[in-house]
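[1] kindly generate the corresponding structure for this input.
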Amino acid sequence: MRVAVVYKYESDHAREVLDYLRDFSRQTGHDIEEIDPDTPDGTGFCRTYDIVEYPTMVALSDGGQLQSMWRGRPLPTISEVSFYV
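    Next up is the predicted model:
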């Protein structure tokens with residue numbers, strides 16, 4: 001499984017996402033991949049999974065199939081996301 005969060009690093013929601021990532025890592029021992037939609041790879045990722053709102057968190061199977069998606073605020077609970085790591 002792969003869990004990623006797509007957000008703009010220079011935005012009003014960046015601090016909230018960074019705090020969430022730190023708390024998630026502390027509580028679960030796992031990290032969430034960060035994707036910047038303003039990079040070529042990030043743009044392709046957003047196109048593939050139809051992500052147009054930030055922050056968006058996605059859980060993907062090992063084959064890249066979408067398992068779950070959380071768009072915008074509030075961010076999902078850590079227990080909701082930890083199910084996928």
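[2] name the helices or strands packed onto the strand or helix carrying Leu18?
    Assigned by DSSP states H and E, Leu18 falls within helix 14-28. Counting by 3 or more CB pairs under 8 Å, 6 or more residues apart in numbering; DSSP states H and E, the packing neighbours recorded for helix 14-28 are strand 2-6, helix 78-82. To be clear about C-beta, it is placed using only N, CA and C from the backbone, and glycine gets the same treatment.
[3] swap the cut-off to 7 Å and go again
    Contact partners of helix 14-28 among helices and strands, from 3 or more CB pairs under 7 Å, 6 or more residues apart in numbering; DSSP states H and E: helix 78-82.
[4] for the helix it packs on, which positions count as buried?
    For helix 78-82, burial by neighbour count (16 or more other CB atoms under 10 Å) applies to Val81.
[5] which pLDDT value belongs to Ser79?
    Looking at Ser79, its pLDDT stands at 95.
[6] I meant Asp62, not that one.
    pLDDT for Asp62: 93.
[7] ok so, going back, for the helix holding Leu18, which outside residues touch it?
    With contact meaning CB atoms under 7 Å, 6 or more residues apart in numbering, helix 14-28 is reached by 5, 7-8, 31-32, 55, 75, 78, 81-82, 85.
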